[in-house]
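**Q** I'll drop the sequence and a predicted model, then ask my questions.
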Amino acid sequence: MLKRILTAIVLLAVVLGTLFGLRQLSLFYVDALILICMAIGVYEMCTAFKAAKYRPMAIPLVIAVLGIYPALWFLRETGIVAVIAVCVMVALTIFTFDHKYELKDFLATAFILFYPIVLLSLFFLINGKTTIGDNPVNENYGDMIGIMLALFIPVFTDTFAYFTGMAIGGVKLCPEISPKKTVAGAVGGLFGGMAASVMIFLMFDYYGVFDNMSNVHVLALTTNLYSSLAVYLTVGLVGAVVSEVGDLAASWIKRKAGIKDFGKIFPGHGGIMDRLDSILFVLPVVYLTFAIINAVG
């Protein structure tokens with residue numbers, strides 16, 4: 001337990017130091033951290049599939065990891081679609097002419113292209129870019145607000161679920177997937193997600209804690225403070241639900257692959273994918289929230 005707590009403190013220090021220190025110098029530092037996580041996450045997923053007797057193809061996955069950020073820089077969302085389309089075509093070409101690969105190997109490769117690569121690439125959009133070359137970008141997909149929603153909703157959901165489940169116990173949620181999770185814990189996690197969103201609402205919309213920080217562009221969710229709070233609560237609730245689903249999905253992948261953790265990079269916490277499982281599911285919620293806000297003006 002002590003090792004797990006110490007690792008969590010170090011992880012929190014790295015994340016907060018990157019967000020409130022290095023990010024103030026350049027948005028690229030956050031992007032660089034995400035790229036590192038993406039590369040390690042792909043490796044861990046390949047290892048998990050190999051444990052389940054699949055053979056993911058290295059070439060299309062390497063192309064995706066190396067190409068997704070430059071394509072995103074110049075083409076935004078179109079760049080993600082283009083790179084993944086090319087990588088699927090490459091994987092299908094390899095499958096067609098190299099007969100050591102079976103259909104399940106091609107499908108495993110395609111799966112890894114989406115989980116974690118596509119889902120995690122949304123973090124780049126949320127982090128934000130002020131220019132593409134010399135052209136300004138008007139869309140705001142959350143900036144620091146979006147980053148904190150994507151990070152803290154899963155953390156609060158997991159924390160509230162853990163302590164609520166420990167305190168109340170009761171009916172198991174999905175014993176065949178994760179024997180320790182309870183229905184009470186899952187309900188507690190929903191309140192955790194909403195608590196995180198309220199905390200972020202207070203920091204940004206109500207008190208304006210980060211208004212004077214560099215590289216922080218605050219986007220009002222609505223023109224009214226109370227309706228903004230309603231949006232935050234909705235995002236917190238939906239984010240908590242998908243966060244718990246993401247955690248269960250990762251647990252089921254590990255169970256089917258016959259592994260305990262995706263990796264061992266974090267003592268007591270497993271690998272990168274063990275830390276990203278819930279975040280990957282919350283990222284689309286955050287991205288879509290701000291995409292809708294952009295669309296309606």
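**A** Here it is on my side, so go on.
**Q** Please report how far residue 10 lies from residue 31.
**A** Residue 10 is 21 Å from residue 31, where distance means Cβ to Cβ, to the nearest Å. Glycine gets a C-beta too; all of them are placed from N, C-alpha and C.
**Q** do the same with residue 45
**A** Taking Cβ to Cβ as the measure, residue 45 falls 21 Å from residue 31.
**Q** can you check residue 237 too?
**A** 29 Å.
**Q** between these two, which one's more packed in?
**A** Ranked by neighbour count (other Cβ atoms under 10 Å), residue 237 and residue 31 place residue 31 first, with 19 against 16.
**Q** Grab the nearest non-local neighbour of the more buried one.
**A** Counting by Cβ to Cβ, 6 or more residues apart in numbering, residue 124 is the residue found nearest to residue 31 once chain neighbours are left out, at 5.8 Å.
**Q** Do a quick rundown of the strands in the stretch 101-250 of the chain.
**A** Assigned by DSSP state E, counting those that start in this stretch, the stretch 101-250 of the chain shows strands spanning 131-132, 135-136, 172-174, 178-182.
**Q** picking that back up, per-residue pLDDT, the residue nearest to residue 31?
**A** With respect to pLDDT, residue 124 scores 95.
**Q** That one against residue 32, yeah?
**A** No: applying Cβ atoms under 8 Å, one finds residue 124 not in contact with residue 32, separated by 10.7 Å.
**Q** more neighbours, the two?
**A** Neighbour count, other Cβ under 10 Å: between residue 124 and residue 32, residue 124 has more, with 23 against 14.
**Q** need the contact list for the more buried one.
**A** 31, 34, 69, 72 (Cβ atoms under 8 Å, 6 or more residues apart in numbering).
**Q** Give the buried residues for the lengthiest helix in the chain.
**A** Determined from DSSP state H, the single longest helix within the chain is helix 225-257. Using 16 or more other Cβ atoms under 10 Å as the test for burial, helix 225-257 gives 228-229, 231-233, 235-244, 246-251, 253-254, 257.
**Q** what stretches of this protein score poorly on pLDDT?
**A** Applying pLDDT under 70 to the chain flags residues 1-2, 129-139, 297.
**Q** residue boundaries of the helices in it?
**A** Along the chain, counting by DSSP H, helices occupy 2-17, 23-25, 28-51, 58-75, 77-97, 103-112, 119-127, 143-168, 183-201, 225-257, 272-296.
**Q** and the last one with helix 77-97, angle?
**A** Inter-element angle recorded for helix 272-296 and helix 77-97: 130 degrees (by axes from the mean of the first three to the mean of the last three Cα atoms, to 10 degrees).
**Q** so what secondary structure elements neighbour helix 272-296?
**A** helix 28-51, helix 119-127, helix 143-168, helix 225-257 (3 or more Cβ pairs under 8 Å, 6 or more residues apart in numbering; DSSP states H and E).
**Q** Check the third one too.
**A** Packing partners of helix 28-51 (3+ Cβ pairs under 8 Å, 6+ apart): helix 58-75, helix 103-112, helix 119-127, helix 225-257, helix 272-296.
**Q** same check, this time on the fourth one
**A** Helix 58-75 is packed against helix 28-51, helix 77-97, helix 103-112, helix 119-127, strand 131-132, with contacts defined by 3+ Cβ pairs under 8 Å, 6+ apart.
**Q** and what of the longest one?
**A** Packed against helix 225-257, as judged by 3+ Cβ pairs under 8 Å, 6+ apart, are the following elements: helix 28-51, helix 143-168, strand 178-182, helix 183-201, helix 272-296.
**Q** 7 Å - rerun?
**A** helix 28-51, helix 143-168, helix 183-201, helix 272-296 (3 or more Cβ pairs under 7 Å, 6 or more residues apart in numbering; DSSP states H and E).
**Q** What residues sit buried inside stretch 290-297?
**A** 290-291, 293.
**Q** again with stretch 5-23
**A** Buried residues in stretch 5-23, counted by 16+ other Cβ under 10 Å: 7, 18-19, 23.
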